[in-house]
Each structure stands twice: as structure tokens, then as C-alpha cells.
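Asker: Okay, sequence plus prediction incoming.
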Amino acid sequence: MSTESLPETLQTLEAAGTTYHYHSLAKAAEALGDIDRLPMTLKILLE
């Protein structure tokens, strides 16, 4: 997958020699506006 096609919200986390990819809610909030009103379960699904 080309990194040019990835959204700006995509972040990486390295733990125990494994790299994980996730979408940052903080970065999504910068792009979408206030997401504090969303239910916690939806925020988890978004990540």
C-alpha cells in the first residue's frame, strides 16, 4: 500500500517488536471538528 493514499489520521505504534497501525482520534478531531459528543463505543470503533 502506498503511503500517499493513507489518511493523515493513520499512526503507528511499535510494541514488543511488532508494529501496529491505528487511526488517531486526536488527528481525526483536527480534521472533523469536535468529536467529544460521540459515544465512547463509537470512538473505539473509529480507532
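Answerer: Done, it's in.
Asker: C-alpha only now, for contacts and for neighbours.
Answerer: OK.
Asker: For beta bridges, what are the partners of the most centrally placed residue in the chain?
Answerer: Most central in the chain under CA atoms, centre = their mean is His23, positioned 1.4 Å from the mean C-alpha point. Beta-bridge pairing for His23 (DSSP bridges): Leu10.
Asker: Show me the shaky parts of this structure.
Answerer: For the chain, the stretches with pLDDT under 70 are 1-6, 46-47.
Asker: what do you get if the cut-off is 50, keeping everything else the same?
Answerer: Residue ranges of the chain with pLDDT under 50: 1-6.
Asker: just the strands in it please.
Answerer: With DSSP state E as the criterion, the chain has strands at 10-15, 18-23.
Asker: now for the ones you listed, which one comes closest to Asp34?
Answerer: Of all those, it is strand 18-23 that lies closest to Asp34, at 16.1 Å by CA to CA.
Asker: With just CA atoms, put that closest one into CSV.
Answerer: The C-alpha trace of strand 18-23 is given here as CSV (Å, rounded to 0.1, in the frame of the first residue of the first chain):
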residue,chain,number,x,y,z
THR,A,18,5.5,-5.6,16.4
THR,A,19,4.2,-2.6,14.5
TYR,A,20,0.6,-1.7,14.9
HIS,A,21,-1.3,0.8,12.8
TYR,A,22,-4.3,2.8,14.1
HIS,A,23,-6.2,5.9,13.3
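Asker: Now do it: distance to the chain's middle.
Answerer: Distance, stretch centre to chain centre, for strand 18-23: 9 Å (CA atoms, centre = their mean, to the nearest Å).
Asker: What residues sit buried inside that strand?
Answerer: In terms of neighbour count (16 or more other CA atoms under 10 Å), strand 18-23 has no buried residues at all.
Asker: For it, name the packing helices and strands.
Answerer: For strand 18-23, the elements it packs on are strand 10-15, judged by 3 or more CA pairs under 8 Å, 6 or more residues apart in numbering; DSSP states H and E.
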